[in-house]
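In: Structure of the sequence below:
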Amino acid sequence: MHEYPSDIAFTPAVKTIQTQKGSRSTYSKVERGHGWLTEVTPILEEFIGSLDMFYLGTTNGAGQPYIQYRGGSRGFLKVIDQKTLGFADFGGNRQYITLGNLSENPKAFLFLMDYVNSRRIKLWGTAKVVEEDEELINRLHDPEYPAKPERAILFSIEAWDMNCHQHIHRRFSREDILPVIEKLKAENELLKEKVTRLQSALESGR
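Out: Below is the predicted model:
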C-alpha cells in the first residue's frame, strides 16, 4: 500500500534522485497537498471523451516493457465507473503482445495525449482482458467505426496525473484540419471569381 498515490511512480530510487537533483521538496509538497488522483474526475472524463487515440504500456514477466498505439472513434476509451476505464480491442496484426504481457503481469499504463491543446495525462494501474462478454463489448464499441471488436480490455486506475505541457508539439488530426481547409478553399474560390470579374471589367474598359 502506498503512502501517497504518486508513490506508484516515485519509488525510493526515484525520490533519491529527486533529492540529489533538488526537486524532492517540491514533489513532497505536492504529495502532502492535493497530490495525484485515484479516481475519475469531471476533468479526466472530459479529457478521455475527446480522444481518438492513446498509448497503452504493458510489461511482460521478464520486465520488458511494450507500448502500443490504440486508435478508434473519438471517445472510444470509455469511463466504466470512477475507478475503471474500458475499450474494445480490435483485430490487428495478431501478435498479441499486449494480451500475453497482461497474462503474466497485470500492471499497465495509459498515456493520454491531447496534441491540439498540448496536454497529457498519465495513468498507472492494472488491466485485464475480458473475452466473450458481448454486452460489455457492445457497450464499448462504436458500430460506425470500421473495425471488428474481438474482446474488451478494462483498466483499473491506481493513480493519475496531468503533466506539464512543456515540449509537447501541437499536432492536428484530419478531422480538426479539414473544416479549416474547406473554409480556405471556399474563400479562395470567391477571390478568384472576384479577380476574374475585375479583369473582365478592365479589359472591357468599364
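In: List the residues that contact the residue lying closest to R139 once chain neighbours are set aside.
Out: Spatial nearest neighbour of R139, chain neighbours left out: K78 (7.6 Å); criterion: Cβ to Cβ, 6 or more residues apart in numbering. Every residue, glycine included, has its C-beta placed from N, CA and C. Going by Cβ atoms under 8 Å, 6 or more residues apart in numbering, K78 touches I48, L85, G86, F87, R139, L140.
In: Among those residues, which are located in strands?
Out: Within those, residues falling in strands by DSSP state E are L85, G86, F87.
In: what sits against the last one?
Out: The neighbours of F87, taking Cβ under 8 Å, 6+ apart as the test, are R70, G72, F76, L77, K78, L140, A152, I153.
In: Need those in CSV (columns: secondary structure, pLDDT and distance to L56).
Out: Shown next, in CSV, are the contacts of F87 (DSSP: H, G, I helix; E, B strand; the rest coil; pLDDT from 0 to 100; distance: Cβ to Cβ, whole Å):
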residue, secondary structure, pLDDT, distance to L56
R70, strand, 96, 5
G72, coil, 95, 12
F76, coil, 97, 12
L77, coil, 98, 10
K78, strand, 98, 14
L140, helix, 97, 14
A152, strand, 98, 13
I153, strand, 98, 8
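In: So among the residues you listed, which ones count as buried?
Out: R70, G72, F76, L77, K78, L140, A152, I153 (16 or more other Cβ atoms under 10 Å).
In: can you list the weak-confidence ranges in this protein?
Out: The chain contains residues with pLDDT under 70 at 206.
In: In it, which helix is the longest?
Out: Counting residues, the longest helix found in the chain (DSSP state H) is helix 174-203.
In: helices or strands next to that helix in the packing?
Out: Using 3 or more Cβ pairs under 8 Å, 6 or more residues apart in numbering; DSSP states H and E, no helix or strand is in contact with helix 174-203.
In: The closest residue to D81 other than its chain neighbours: how many residues sit nearby?
Out: Nearest residue to D81, sequence neighbours excluded (Cβ to Cβ, 6+ apart): V40, at 7.7 Å. Residues lying near V40 (other Cβ atoms under 10 Å) number 19.
In: now do Y66
Out: For Y66, the number of neighbouring residues by other Cβ under 10 Å comes to 14.
In: Check S50 too.
Out: Count around S50 with other Cβ under 10 Å applied: 14.
In: Spell out which residues sit in contact with it, please.
Out: Contact analysis of S50 by Cβ under 8 Å, 6+ apart lists R74, G75, D114.
In: repeat that with 10 Å
Out: Counting by Cβ atoms under 10 Å, 6 or more residues apart in numbering, S50 touches R74, G75, L112, D114, V116, N117, R119.
In: hmm, which of these are the buried ones?
Out: Buried by 16+ other Cβ under 10 Å: L112, D114, R119, out of the contacts of S50.
In: between these, which is closest to P146?
Out: Distance to P146 across these (Cβ to Cβ) is lowest for L112, with 23.1 Å.
In: The spatially most central residue of the chain in helix, strand or coil?
Out: Central residue of the chain (Cα atoms, centre = their mean): L112, 2.6 Å from the mean position. Here L112 is recorded as strand under DSSP: H, G, I helix; E, B strand; the rest coil.
In: Equivalent analysis for V79, please.
Out: Three-state assignment for V79 (three-state DSSP): strand.
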